[in-house]
Structure formats: structure tokens, C-alpha cells
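Trainee: Pasting a predicted model and its sequence here:
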Amino acid sequence: MARLEGKVAIITGGGTGIGKATALRFAKEGAKVIVTDINQESASKTAAEIQGAGGEAQAIAHDVTREEQWEQVVAETVKHYGKVDILFNNAGIYIIKPLAEITLEEWNRLMAINVTGVFLGMKHTMPVMAKQKSGSVINASSIAGLIGAPGHVLYGASKGAVRIMTKDAAIEYASAGVRVNSIHPGYIDTGMVAYASEATKHSKEELAQGVPTGRLGTVEDVSNVVLFLASDESAHVTGAEIGQFGHPKLGETIASIIEECKRFQKPWGIFCPSIEHAEGWIQRGASLVLVGSDALWLLNGINSLNGWKRKYSPK
Ligand SMILES: NC(=O)c1ccc[n+]([C@@H]2O[C@H](COP(=O)([O-])OP(=O)(O)OC[C@H]3O[C@@H](n4cnc5c(N)ncnc54)[C@H](O)[C@@H]3O)[C@@H](O)[C@H]2O)c1
């Protein structure tokens, strides 16, 4: 039996990138897919591709920031199919900009799409799912919702919010049989990475060097994770954050740090397997030596913490 046989799924931002790949994958696994996007043409193309391959799909023009449009999407889905089993809150935008240059307009716009859109999606589908006593919501967060990076105050704030909203909603709805999980991809080769490459002046190849596997993720890499969370295979998984794929090379960093600490013969030399570990040490007054190709990621991830001394030694 197909993994989503008989299930009804709403996917936002399904016109391109990760949303489109997931819509195609869901349909292949037997789901009826409601493809929504602010860009109606792209949503219609995704739905047509699914129908062309023998699947079932409908396209709806939908701005995730508009509550009345959410009401309409959910009402139409229930009218046609009688239920909503899966919501993939995928629509999002990306802005990389230094903190002091972010305008209030940009802040409000990105937050409206990346955070309010996810809130409204959960608000209008989860009560329907609770009545059915089953449902799965998957929220698109990011590696940027887990660690800091230069130019990411705005985007990171939105994805950090999505991470914790997911856990709060998961707890609230666990006894109702509705699951909510977040995914945290690193660099996935869509228009967003093309934008990141332009904004950071690093080629895609250079960005890929910061990924443990040495390559950018593909949209299929993500849709496989979303499929697992959408299916009953993850029936006991809720409030989880999954898919830390495409992250910086932490393992390499740790090895480099140990080497560097030996070189400096620093009594305070420590290595930090994660930002959280680093925070604990820093609060106790430790110095860190961060080295390696991804040292900047770590450094910036803990940059916001006060009261610690750091030394950055690029190699
Ligand atoms: N590509 C990556 O490297 C990456 C990494 C981590 C997380 N993500 C997240 O994954 C999600 C999808 O990213 P992607 O790379 O496929 O991006 P994408 O730009 O290819 O697709 C985003 C889609 O969202 C739609 N959209 C934008 N504003 C909307 C609105 N107000 N209402 C409805 N739809 C809207 C766009 O039209 C587009 O079809 C986003 O939430 C993104 O933040 C992407």
C-alpha cells in the first residue's frame, strides 16, 4: 500500500522548490493534494503535473498571511474531501541583511509570511484534525532556527519562532491525536540558495563545502523527511525537530579545535559539540579557539552571548 493512501494534504508554497517536490511525492504515495501558493500560476502547474501523472490535486491561490484565505482553503478542502489529514506549512521567504539595515517593513513582511502564516495554518487546520482524532502538521523551520549566522537576525527569528511554536502546539494537541513536527534543513538547492549565494558572495560550490556530505541538499532530500512525518510511520513522533541535514561540519570543527588548543597549549582550551555546550562553558568564563572552515558559523552562533572571551584563528 502507498504510504499516504487515502490521505488529504494541504501544502503551502507548493508552486516551486521544496513545496512542489513534496506535493509530487505525496501524490505518488496516494495522497490527494491541495497545492496552495501566492503565485497561482505555479500552484496550477504543480497540480497539473500531478494530474498528468494520474494523481489527484487541486490548486488554490493563497496568501498565507491572510486569515480569510486560510478559512477558505480549509473549508474547500473539507467540502471536497471531508477531512484534512496533513498540513505542510512550507511557504516562506528569505532575507539576509545586517541587523542595522533591516527595515521595519521587511521585518513585518517576513514575520507575516514565515511566522503568522504558520500560526494561521495551525489555527485553522488543527481543530479540524482534532475532531477527526488524527492529523499531522509539518512546519518548515531551518538550520537558521537552531544556530545564529551573520545577516540572519530576521530570518533566524522567524525560524526560531516556528521551532518553538511547533513544540507548544504539539503539547497542546498531543492528547487529541494531532502531531506537529518541524524540519530544519541546511542549504537545499532551490531559488533560496541561489539568493543566499548572491547575498553572501559565496558560490554554491563554496556553500556546499560547509555541508558534511559535501553537497547541497536536494528538494527530494527534504520531501523524504516530510513524507515520513506526514505518514503513519511517525505515529508516535510529535514536537520533534528533524532534518538537520546540510549543517556545517561540526565534527571537523571539533577535531580542528582540539589541534588548535594543543598548539596554543591553552589551559582553558575546550571544544564544543554544540552551541548549547559552548554557552555553558562560556558562562563559566572559558576562552574558546574556533578554527576550521565552519568556525565562523559556530562563532556567530554564540556571538550573542555576553561575558566571554573568544579568539578566532582562521586556518
Ligand atoms: N532552500 C533552502 O535552503 C531552505 C533551507 C531551510 C529552510 N527552508 C524553508 O523551506 C521552505 C521552502 O523553501 P524553498 O527553498 O522551497 O523556497 P522557494 O522560494 O523555492 O519556494 C517558496 C514558495 O513560497 C511561496 N510564497 C511566498 N510567499 C508566500 C505567501 N505569502 N503565501 C503563500 N505562498 C508564498 C512562493 O511563491 C514559493 O512558491 C521555506 O519556508 C524556507 O524558509 C529552505
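Mentor: Nice, thanks for sending it over. Numbering: from 1, shown residues only.
Trainee: Check which element follows the regular element (helix or strand) spanning residue 120 along the chain.
Mentor: Residue 120 is part of helix 117-132, with elements assigned from DSSP states H and E. Downstream of helix 117-132, the next assigned helix or strand under DSSP H and E is strand 135-140.
Trainee: Name the residues that touch that following strand?
Mentor: Around strand 135-140, the neighbours that count as contacts under CB atoms under 8 Å, 6 or more residues apart in numbering are 18, 84-92, 118, 121-122, 125-126, 128-129, 162, 165-166, 169, 177-183, 185, 226, 229-231, 234. For glycine as for every other residue, the C-beta is placed from the backbone atoms N, C-alpha and C.
Trainee: Indicate each strand paired with that strand and its parallel or antiparallel sense.
Mentor: Strand pairing for strand 135-140, using DSSP bridges, gives strand 86-89 (parallel), strand 178-183 (parallel).
Trainee: Could you see whether the ligand lies near that strand?
Mentor: Yes: Strand 135-140 lies within reach of the ligand by CB under 6 Å from any ligand atom, at residue 140.
Trainee: before we move on, back to that, I'd like the strands paired with strand 135-140 written out as JSON lines, with mean pLDDT, mean neighbour count and distance to the ligand added.
Mentor: Below are the strands paired with strand 135-140 laid out as JSON lines (pLDDT from 0 to 100; neighbours: other CB atoms under 10 Å; distance: least, CB to the nearest ligand atom, whole Å):
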{"stretch": "strand 86-89", "mean pLDDT": "99", "mean neighbour count": "29", "distance to the ligand": "8"}
{"stretch": "strand 178-183", "mean pLDDT": "98", "mean neighbour count": "26", "distance to the ligand": "8"}
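Trainee: of the contacts of strand 135-140, buried ones?
Mentor: For these, a neighbour count by 16 or more other CB atoms under 10 Å gives the buried set as 18, 84-92, 118, 121-122, 125-126, 128-129, 162, 165-166, 169, 178-183, 185, 226, 229-231, 234.
Trainee: how far out from the middle of the chain is the helix holding residue 120?
Mentor: 19 Å (CA atoms, centre = their mean, to the nearest Å).
Trainee: any idea of the angle that helix forms with strand 135-140?
Mentor: 170 degrees (axes from the mean of the first three to the mean of the last three CA atoms, to 10 degrees).
Trainee: which helices and strands sit right next to helix 117-132?
Mentor: Counting contacts by 3 or more CB pairs under 8 Å, 6 or more residues apart in numbering; DSSP states H and E, helix 117-132 is packed against strand 8-12, helix 67-81, strand 86-89, strand 135-140, helix 153-173, strand 178-183.
Trainee: Touching the fifth one from outside, list them.
Mentor: So that's helix 153-173. By CB under 8 Å, 6+ apart, helix 153-173 touches 89, 92, 94-97, 99, 102, 106-107, 110-111, 114-115, 118-119, 122, 126, 129-130, 137, 139-142, 144-146, 148-149, 179-182, 184, 238-239, 241.
Trainee: and it, which residues are buried?
Mentor: 153-163, 165-167, 169-170, 173.
Trainee: How far does it sit from its chain's centre?
Mentor: 10 Å.
Trainee: how long is stretch 91-99 end to end?
Mentor: Taking CA to CA, to the nearest Å, stretch 91-99 runs 23 Å from one end to the other.
Trainee: Flag every residue of the stretch 151-300 of the chain that's near the ligand.
Mentor: 185, 187-188, 190-193.
Trainee: now the residues you listed as TSV including distance to residue 8 and pLDDT?
Mentor: Below are those laid out as TSV (distance: CB to CB, whole Å; pLDDT from 0 to 100):
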residue	distance to residue 8	pLDDT
185	25	93
187	31	90
188	26	93
190	25	96
191	28	96
192	28	94
193	31	92
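Trainee: Look up how far residue 23 lies from the closest residue to residue 159 other than its chain neighbours.
Mentor: Using CB to CB, 6 or more residues apart in numbering and skipping residues adjacent in sequence, the residue nearest residue 159 is residue 145, 3.2 Å away. For residue 145, the distance to residue 23 equals 23 Å [CB to CB, to the nearest Å].
Trainee: Between the two, tell me which one has more neighbours.
Mentor: Between residue 145 and residue 23, counted using other CB atoms under 10 Å, residue 23 has the larger neighbour count: 33 against 25.
Trainee: Secondary structure class of residue 44, three-state.
Mentor: Following DSSP: H, G, I helix; E, B strand; the rest coil, the label given to residue 44 is helix.
Trainee: Provide a list of residues in contact with it.
Mentor: Per CB under 8 Å, 6+ apart, neighbours of residue 44: residue 59.
Trainee: What does the pLDDT read for it?
Mentor: We have a pLDDT of 98 for residue 44.
Trainee: Residue 164 and residue 77: what is the separation?
Mentor: 27 Å.
Trainee: pLDDT at whatever residue of the stretch 51-200 of the chain ends up closest to the ligand, what is it?
Mentor: Residue nearest to the ligand within the stretch 51-200 of the chain: residue 92 (2.3 Å; CB to the nearest ligand atom). Per-residue confidence (pLDDT) for residue 92: 98.
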